[in-house]
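J.: sequence below, structure please.
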Amino acid sequence: MEQVIGIDLAKRVFQLHIVSSLGKTIKNTVVTREKLTTFIAQQPPSRIVMEACGNANYWTRQFKQLYLYITFIVDLKH
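T.: Sure thing, here's the model as predicted:
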C-alpha cells in the first residue's frame, strides 16, 4: 500500500497531509525545515506531492536520495 504525502512548502515550517492509497487521512502535521527529511525518511514507501516552485528543486534532490517518487502540482492561477 503506497501512501501519499502532500507537502506545502514554505520557508521554515511545512504543512504535511498524509493519506492512504484509499484516500483516508493518516496524519495532518506541521514539521520544521530541519526535521522534514528525517520525518519523510521514517515513513513507509510514499509518493511525495508538492507545488512546483523554487524550493521544490532542493527538496526533490533530498527526497530522491530516499528513493521516493515525486509529483509536482502546477499553480495555474499565475
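J.: ranges for the strands of this protein?
T.: 3-8, 13-19, 25-32, 46-51, 69-73 (DSSP state E).
J.: including mean neighbour count and mean pLDDT, could the ones you listed go into JSON lines?
T.: For every residue, glycine as well, the C-beta is placed using N, CA and C. As requested, those are exported to JSON lines (neighbours: other Cβ atoms under 10 Å; pLDDT from 0 to 100):
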{"stretch": "strand 3-8", "mean neighbour count": "17", "mean pLDDT": "95"}
{"stretch": "strand 13-19", "mean neighbour count": "16", "mean pLDDT": "96"}
{"stretch": "strand 25-32", "mean neighbour count": "12", "mean pLDDT": "97"}
{"stretch": "strand 46-51", "mean neighbour count": "18", "mean pLDDT": "92"}
{"stretch": "strand 69-73", "mean neighbour count": "12", "mean pLDDT": "87"}
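J.: any figure for the gap between residue 37 and residue 75?
T.: Separation of residue 37 from residue 75 (Cβ to Cβ, to the nearest Å) stands at 24 Å.
J.: kindly apply the preceding question to residue 27 instead.
T.: Between residue 27 and residue 75 the distance, using Cβ to Cβ, works out to 24 Å.
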